[in-house]
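*Asks:* Have a look at this prediction, sequence included:
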There are 2 protein chains.
Amino acid sequence: MSYRGLCKEFLESCGVSIGDTVLIKKKDIEYRGMLLNRSKGLDDIHVVLKLDNGYNIGVNITDVQLTLLKKGEKPKIELPPLDVEKNMGKMNISIISTGGTVASIIDYKTGAVHPAFTADDLLRANPELVDLANIQGKAILNILSENMKPDYWIKTARSVVDEINGGSDGVILAHGTDTMHYTSAALSFILNTPVPVVLTGAQRSSDRPSSDAFLNLMMSVTAAKSDLAEVMVCMHATENDSYGYLHRGTKARKMHTSRRDTFRSINTQPLARIKNGKIKILDKDTEYNKRKDGGSPEIKDDLEPRVALIKSFPGISPEIIHYHLDKGYRGLVIEGTGLGHVPEDIIPALERAYDSGIPVVMTSQCIYGRVNMNVYSTGRRLVASGVISARDMLPETAYVKLIWTLGQTEDIKEVERIMQTNLRGEIEEKTSQKYFLI
Amino acid sequence: MSYRGLCKEFLESCGVSIGDTVLIKKKDIEYRGMLLNRSKGLDDIHVVLKLDNGYNIGVNITDVQLTLLKKGEKPKIELPPLDVEKNMGKMNISIISTGGTVASIIDYKTGAVHPAFTADDLLRANPELVDLANIQGKAILNILSENMKPDYWIKTARSVVDEINGGSDGVILAHGTDTMHYTSAALSFILNTPVPVVLTGAQRSSDRPSSDAFLNLMMSVTAAKSDLAEVMVCMHATENDSYGYLHRGTKARKMHTSRRDTFRSINTQPLARIKNGKIKILDKDTEYNKRKDGGSPEIKDDLEPRVALIKSFPGISPEIIHYHLDKGYRGLVIEGTGLGHVPEDIIPALERAYDSGIPVVMTSQCIYGRVNMNVYSTGRRLVASGVISARDMLPETAYVKLIWTLGQTEDIKEVERIMQTNLRGEIEEKTSQKYFLI
């Protein structure tokens, strides 16, 4: 939205426009930042600045001095496609872009970050990638990852398969971090891959000096060239640029809103560490699928998206469970408390689900640890009501797995069997106590 | 349920009954444990044992050898009330029991843990407590904490006030661990206390040798005698019995299903460490309310329980938001992804909430970090739709605070102001980056 009234006159008199970097002095205070568009609902005596720390503030223009420091530039987006010659001595790595911060730029009109780059742009911004492998890029979506959904998981999985069938030796998926762990879990169940499939992203956009996008992409190329034929998440292991972790796609979780090392393996250790272009398996006894060059990817992409993930809390009404059953949901995943509990007055609604052939899977909002419904009376009543334990699966992974499982079978006993069988490293037997807060 | 058929005959022939400890040999395997009642739906060739590790298993009795190791004993529960003489040189500490594992025993009939002990029983099981203070106990509820609800928060808060007004120098609340952090947040907002109010619990029941109940109670007495006039959570800091942490009631969260050190301070450090009966403030610059002996507790216990805590996930339907609005909920707390996002197709439903005067508060399912809806386009649309940032508040604390705030005012602007004002340490300005996974 453009400025109006007093603000408009004032800005015009100073010769500044949206996107310019300005200094505003007011009594003893100075604000330095980029002039943003007027926010919705803002009056006509405030302007909005994006400060260098990334925050936006509104400044009242009464009695201020404004100095233009630098005219704003719009990012160049009209460039010819890249044409890099293929080197037969290098591996062929595909980068599929779905959007997200790793493929984003700041919108100079609003100061907000928008998904905008194509895979080509990613390469252009990170030309060093070309030294490591024959990189080919493809943008299949251009969304922020909060808008990911099961239909897009299918689209993404099919694109991965296309790349592998087209000769790719490893696939990197540039993805927003918000729901990267949901997508990595989805691809883990949908795909059986002969080569590495690596999801990566960034917590700061590529056009900012502090961006983690470059190192995450570089490390992902190393991961994509490795022997680990699994679906994995590759992100910073620490707050600085020292090294990265490779997490199993079913065990990763975004654990911090803004830190670069936000992704952690839960109830297990990361699969591998990546440092200086080298990959090291952290536990030599780790079992993993090894690369099968020339192998064909398998895909099982029937999904049943009518599944809900419901967090339990003190005072939750049984009506919310009945609502989902009335609406035709085919499965429910509960984020219970502690070892996997809900208020007892919820239990009859869960019994109704079971009696209607709707599987209910119990996870824990503790995040760490393992569901065990055999210890307390509430848990035992839940088991008697047919509630399925997710064991040490993450709630997010259990949600994705139930969507996938219901795509494979409608038989509730078979659903229970699949949910309780470790398919892609999502269930581990003995490690839940040891790996806490790492 | 009793055993029947083959099992019944077999057990009678061996002279064993429910509750006995037995050894079952089968080929090369031995199982040692307590014989439990038959589980619902079990056939007549399996018996159920509670193993020493706490797990229950079913054993097929075909071709087994069974040896009786020890006849089962039922816990003694018929004891005269305690009558300990008051010592004027000691402080008066009240223990209010609400149930939970800290006040539980194993039900020898089913192997499940039931809330059963009274406050007197707690004292009897932990006679050393009497050396530390004049302890008086009171059981106000006898529930597992998954059954806690806003009405019980009020009952609990009033009991705390009664104890303080009756001369208590500090109040300990024995509480189940599942929802202890919801209750500690609730009491933080409801009460303004002149003396310490300490919630504690246990991850293993008091009648088991591995119980953490005793040390947690001992440390809680130390905390209740201290100068910290706040609502706090006192639990193990490590997996062994070395020391404990005192967490601010609004910043604590149960982070592991079964470890003793499950409670952690999120986005901040614990208030204090308790070791060998001594309390140490971890950061000398920490601001806290100091004990006011003889001071009166204040209580504001108007609550609006028609609030829901909703976790966002890929594929969530806007209908779920509309459902809550249609049902007359007065406030919603969303557990968004990343910096505080939801799928964009949810936003119109949240706008409807705002237009109907229903506050929507955004938290992050990352758990760690801080909501910031000014960075990405989705966040900015949410802000424009009137969604309130919970900043670095825990989702559970934001849920409780909204219930409390709506009890104080119906004005949505005032709700926004209160939700964004730090009242009880629930919002911190600068620490969200530093305290990650500690």
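*Replies:* Everything's here; your move.

*Asks:* ok, the residue of the stretch 151-300 of chain A at minimum distance from chain B - contacts?
*Replies:* When scored by CB to the nearest CB, the stretch 151-300 of chain A has residue A:257 as its residue closest to chain B, at 2.9 Å. C-betas here are computed from N, CA, C, even on glycine. Contacts here follow CB atoms under 8 Å, 6 or more residues apart in numbering or on different chains; on that basis residue A:257 touches B:338, B:339, B:340, B:364, B:366, B:368, B:369, B:370, B:371, B:372, B:432.

*Asks:* same thing but 10 Å
*Replies:* A:177-178, A:203, B:267, B:336-340, B:363-372, B:375, B:392, B:432-433 (CB atoms under 10 Å, 6 or more residues apart in numbering or on different chains).

*Asks:* Can you get me a residue count around the closest residue to it other than its chain neighbours?
*Replies:* Nearest residue to residue A:257, sequence neighbours excluded (CB to CB, 6 or more residues apart in numbering or on different chains): residue B:369, at 2.9 Å. For residue B:369, the count of nearby residues is 23 (other CB atoms under 10 Å in any protein chain shown).

*Asks:* how is chain A carved up into domains?
*Replies:* Split into domains by automatic domain parsing, chain A comes to A:5-70, A:92-299, A:307-419.

*Asks:* Report the beta-bridge partner residues of residue A:32.
*Replies:* residue A:23 (DSSP bridges).

*Asks:* what comes up buried for stretch A:302-317?
*Replies:* Neighbour-count burial for stretch A:302-317, counted by 16 or more other CB atoms under 10 Å in any protein chain shown, picks out A:303-317.

*Asks:* does any bit of it sit next to chain B?
*Replies:* Yes. Using CB under 10 Å from any CB of the partner chain, stretch A:302-317 reaches chain B at A:303, A:305-317.

*Asks:* Distance from the chain centre to that stretch, please.
*Replies:* Centroid separation for stretch A:302-317 versus its chain: 20 Å, with CA atoms, centre = their mean, to the nearest Å.

*Asks:* Need the mean per-residue confidence for whichever strand or helix holds residue A:264.
*Replies:* If you go by DSSP states H and E, residue A:264 is part of strand A:263-265. Strand A:263-265 comes out with an average pLDDT of 98.

*Asks:* With secondary structure, pLDDT and distance to residue A:187 added, can I get the residues of stretch A:302-317 next to chain B in CSV?
*Replies:* Compiled in CSV, the residues of stretch A:302-317 next to chain B are given as follows (DSSP: H, G, I helix; E, B strand; the rest coil; pLDDT from 0 to 100; distance: CB to CB, whole Å):
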residue, secondary structure, pLDDT, distance to residue A:187
A:303, coil, 98, 12
A:305, coil, 98, 16
A:306, coil, 98, 20
A:307, strand, 98, 17
A:308, strand, 98, 21
A:309, strand, 98, 18
A:310, strand, 98, 24
A:311, strand, 98, 25
A:312, coil, 98, 28
A:313, coil, 98, 31
A:314, coil, 98, 36
A:315, coil, 97, 37
A:316, coil, 98, 32
A:317, coil, 98, 35
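
*Asks:* pLDDT value on the closest residue to residue A:24 other than its chain neighbours, please?
*Replies:* Leaving aside its sequence neighbours, residue A:24 sits nearest to residue A:31 (CB to CB, 6+ apart; 4.6 Å). Note for residue A:31: predicted pLDDT of 84.

*Asks:* Quick one: neighbours of residue A:31, just the number.
*Replies:* 16.

*Asks:* about what we covered before: give the partner strands of the strand holding residue A:264 in its sheet and their orientations.
*Replies:* When DSSP bridges is applied, strand A:263-265 pairs with strand A:252-254 (antiparallel).

*Asks:* returning to what we had before: any of the contacts of residue A:257 buried? List them.
*Replies:* The buried subset of the contacts of residue A:257 - by 16+ other CB under 10 Å - is A:177-178, A:203, B:267, B:336-340, B:363-372, B:375, B:392, B:432.

*Asks:* what about residue A:351, which SS state?
*Replies:* Secondary structure, DSSP: H, G, I helix; E, B strand; the rest coil: residue A:351 is helix.

*Asks:* Surely it touches residue A:383?
*Replies:* No. Counting by CB atoms under 10 Å, residue A:383 is not a contact partner of residue A:351; they are 11.7 Å apart.

*Asks:* what's residue A:51 in contact with, if anything?
*Replies:* A:31, A:32, A:33, A:34, A:57, A:111.

*Asks:* Now do the residue in the stretch 1-150 of chain A that chain B sits nearest to: how many residues are near it, please.
*Replies:* Relative to chain B, the nearest point of the stretch 1-150 of chain A is residue A:146 (3.9 Å; CB to the nearest CB). Residue neighbour count, defined by other CB under 10 Å, stands at 25 for residue A:146.

*Asks:* cool, residue A:420 as well?
*Replies:* 14.

*Asks:* Any regions of the stretch 301-438 of chain A where pLDDT drops low?
*Replies:* The model of the stretch 301-438 of chain A has pLDDT under 70 over residues A:431-432.

*Asks:* again but with the stretch 51-200 of chain A, I slipped
*Replies:* Residue ranges of the stretch 51-200 of chain A with pLDDT under 70: A:53-55, A:73-85, A:103-122.

*Asks:* re earlier: return the closest of the buried residues of stretch A:302-317 with respect to residue B:243.
*Replies:* residue A:314 (29.4 Å; CB to CB).

*Asks:* I figured that closest one hits residue B:183, correct?
*Replies:* Yes. Using CB under 10 Å, residue A:314 is in contact with residue B:183, at 7.7 Å.
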